[in-house]
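Undergrad: below is the sequence, then the predicted model.
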Amino acid sequence: MEPVSDIEGRAYPYGAKNVDTDVIIPAAWLKTTSREGLGEGAFETVRAQPGNVFDDERYKGAPILIAGDNFGCGSSREHAAWAMLDLGIKAVIAPSFSDIYSGNAFKNGILTVVLPQEQIDRLLEVAETDEIHIDLENQTVTTPFQDRFTFEIDPFRKHCLLNGLDEIGLTLERDEAIATHEKSRAEGMSWMTRGTEIDA
C-alpha cells in the first residue's frame, strides 16, 4: 500500500447522498478478483447520464471525491474501493460514511475525511474551479481561498495510512518480536517438535 500524506488536485464535486456500493461499482463487475480495470465500471450508471461530473474533462484524474451523507452504504463489496482507486481517487470527503465502506477504503489506502455539511458545500463550490489540498499529518483540508477545515481521524488509521501499512505491513513491523517469540517458544517447548526432524 502506498503511503498517504498530502493529496492535492481537482476534486469531483459529486455531492450525492446515500451513494451505495452498487452505484460505485455495479454487480456485473464483481466477477473479477483483479483490482485492475475496475475504474472503467466505476459510477457506470452515473456516467451513462450526459454531462456527468466523472466524464467532465475538467476533473479527469482528480484524486479527490466530494460526496454527500452516508457514502458507501449498501453491500460490503471491497470492489467499491478497488474501483475508486483504479479511477485515481485517493480520498473521499463527505459528512458521513458507511462503516463497512470506510473500513474497506482504509484497508486499501483511501483516506475518508468527515466534515460537516456546510464545509462540504463550500468545497463543492471551490471544486468547480480550483484545487483542494488535504494534509493528513496536520488533519486539514484547505483551498486557495484561505478556507481551512480540520478533521478527526483514528490515530491507528492515520499511522497506517501515513506509513503505507496494510495488514501484512503491520505484521512485518513486528518481525523481530515475532522471531524472538518463536525462538523462545521453540526452546521452551521443545517437546512439541521432538520426533519431527527429518534426517538429511
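TA: Perfect, I can see it now.
Undergrad: shaky segments in the chain?
TA: Scanning the chain for pLDDT under 70 picks out 167-175, 177-188, 190-200.
Undergrad: what do you get if the cut-off is 50, keeping everything else the same?
TA: 198-200 (pLDDT under 50).
Undergrad: can you pull out the strands in it?
TA: Assignment of strands within the chain using DSSP state E yields the ranges 6-9, 11-13, 64-66, 91-94, 111-114, 132-135, 140-142, 148-150.
Undergrad: looks like residue 24 contacts residue 82 (just checking).
TA: No - contact criterion Cβ atoms under 8 Å: residue 24 and residue 82 do not qualify, at 9.9 Å. For the C-beta atoms, the positions are set from N, CA and C on the backbone; glycine is no exception.
Undergrad: look at these two and report which has more neighbours.
TA: residue 24 (28 against 25; other Cβ atoms under 10 Å).
Undergrad: who are the neighbours in contact with the more buried one?
TA: Taking Cβ atoms under 8 Å, 6 or more residues apart in numbering, we find residue 24 in contact with 42-43, 72, 80, 83-84.
Undergrad: out of these, which is nearest to residue 118?
TA: residue 72 (21.5 Å; Cβ to Cβ).
Undergrad: distance check, the closest residue to that closest one other than its chain neighbours against residue 78.
TA: In space, residue 72 comes closest to residue 101 once its chain neighbours are excluded; the distance is 2.4 Å by Cβ to Cβ, 6 or more residues apart in numbering. According to Cβ to Cβ, to the nearest Å, residue 101 stands 9 Å off from residue 78.
Undergrad: again with residue 50
TA: 31 Å.
Undergrad: the two: which is more packed in?
TA: The neighbour count for residue 50 versus residue 78, taken as other Cβ under 10 Å, is higher for residue 78 (19 against 6).
Undergrad: do I have it right that that one meets residue 105?
TA: No - assessed by Cβ under 8 Å, residue 78 is found out of contact with residue 105, at 9.4 Å.
Undergrad: ok, and the closest non-adjacent residue to residue 151?
TA: residue 113 (4.9 Å).
Undergrad: now do stretch 19-35: distance from first to last residue.
TA: 21 Å (Cα to Cα, to the nearest Å).
Undergrad: contact partners for residue 91?
TA: Here residue 91 is in contact with 4, 7, 63-65, 110-113, 134 (Cβ under 8 Å, 6+ apart).
Undergrad: now the helices: where do they sit in the protein?
TA: Along the chain, the segments classed as helices by DSSP state H run 21-24, 44-47, 79-87, 99-107, 117-127, 155-163, 167-173, 175-188.
Undergrad: name the nearest residue to the spatially most central residue of the chain, sequence neighbours excluded.
TA: Compute the mean C-alpha point of the chain, and by Cα atoms, centre = their mean the closest residue is residue 110, 1.6 Å away. Sequence neighbours aside, residue 81 is the residue nearest to residue 110 in space, at 5.8 Å (criterion: Cβ to Cβ, 6+ apart).
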